[in-house]
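Enquirer: sequence first, then the predicted structure:
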Amino acid sequence: MRQDILDFLVQHQGEFVSGQEISEHLGISRTAVWKHIRILKQRGYVIESYTKKGYCLKEVPELLSERAIEKGLTTKVVGRRLVLRERVDSTNNVAKKLAADGAPEGTVVIAEEQTGGRGRISRSFLSPYAKGLWFSLILRPPIPPMEVSKMTLLAAVATARAIRRHGLTECGIKWPNDILVKGRKLVGILTELNGSAEKVNYLVMGIGVNTGITEDDLPEDLKPIITSFAREGVAVSRIALLQTLLAEIEHLYAAVCREGFAPVLAEWRSLSCMLGSKVTVTSIDRTLSGTAADIDENGNLLIDTASGREVVMAGDIHVRQV
């Protein structure tokens, strides 16, 4: 019924139509019309409403479609199978089920909204309807399981490349894989592995990019922490950004399969926004403070502390202001 209301508004876009007219046309109550209109507004449709005038559709959000994504996609493998959903708990969860059932490498699961998006360390990830790219990619890399953590760095480099190409040239990578702009988080990446000690069965690479999130979408505690293309004043097509991002991932992935991770690690260093900064690292068993000096050949963070250089394989990083 919501789609019927939307279709009616689209037919009369730019004109005011009364709730009574919509209810009579569709055979539903005016209260039902109002409830559906409210949900459409929450999903990014700009609908003006005035007493005695009714509703007027002013602006339609850019929604994702298979046809539109495929039309400008330049990849050979990545994204050539698309699984689109309007609403899921987590695209990673859907992708893992598909991968376990034999979905081909390069399959991309993308949703307009996630209700249970996850980040690192089991944190929730805000994923409102049509205000970002929320997707997961299935890969079956021919690498030892011990090297899988470096795939996360690959995802960060590819994503930073794509974002810079679409106007946010100041973005940088915070170890291991958050993309920041002016100290605020724009992108979260979560990779999950299925395999044994000897073999990678599949890898699911989940990426969330904030595109249309505004200050009004954020709770007070997240306003100083989260940013988006919209908050930075940069207009972006989600479809074009996705196409660029998938192409960058495929390019780097093919290079890694041929040459190894050394070029990716070198580019990660050049894109980092934290190397050389004073940081505090909190992990399960310790807290370290010092200077983020480098990453090693395994992608681990190297911290220069008062007592010497320490290797950090995992942890929560806070860049200290000086």
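Expert: Ah, there it is.

Enquirer: in whichever helix in the chain runs longest, which residues are buried?
Expert: Taking DSSP state H as the criterion, the chain has its longest helix at helix 238-259. Neighbour-count burial for helix 238-259, counted by 16 or more other C-beta atoms under 10 Å, picks out 238-250, 252-253, 256. C-beta coordinates here come from the backbone N, C-alpha and C atoms, glycine included.

Enquirer: nearest to residue 91, of those?
Expert: Distance ranking of these against residue 91, using C-beta to C-beta, places residue 242 first at 12.5 Å.

Enquirer: tell me the contacts of residue 70?
Expert: residue 82 (C-beta atoms under 8 Å, 6 or more residues apart in numbering).

Enquirer: before we move on, what SS does it have?
Expert: helix (DSSP: H, G, I helix; E, B strand; the rest coil).

Enquirer: just the CA coordinates of the longest helix of the chain, formatted as CSV?
Expert: Below are the C-alpha coordinates for helix 238-259, written out as CSV (Å, rounded to 0.1, in the frame of the first residue of the first chain):
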residue,chain,number,x,y,z
ARG,A,238,25.4,6.4,-4.0
ILE,A,239,25.3,4.3,-7.2
ALA,A,240,28.4,6.0,-8.7
LEU,A,241,30.3,5.7,-5.4
LEU,A,242,29.4,2.0,-5.2
GLN,A,243,30.6,1.4,-8.7
THR,A,244,33.9,3.2,-8.1
LEU,A,245,34.4,1.4,-4.8
LEU,A,246,33.8,-2.1,-6.3
ALA,A,247,36.2,-1.3,-9.1
GLU,A,248,38.9,-0.2,-6.7
ILE,A,249,38.5,-3.3,-4.6
GLU,A,250,38.7,-5.6,-7.7
HIS,A,251,41.9,-3.7,-8.9
LEU,A,252,43.7,-4.1,-5.6
TYR,A,253,42.5,-7.7,-5.0
ALA,A,254,43.8,-8.8,-8.4
ALA,A,255,47.1,-7.1,-7.6
VAL,A,256,47.4,-8.8,-4.3
CYS,A,257,46.7,-12.2,-5.8
ARG,A,258,49.5,-11.6,-8.3
GLU,A,259,52.1,-9.7,-6.3
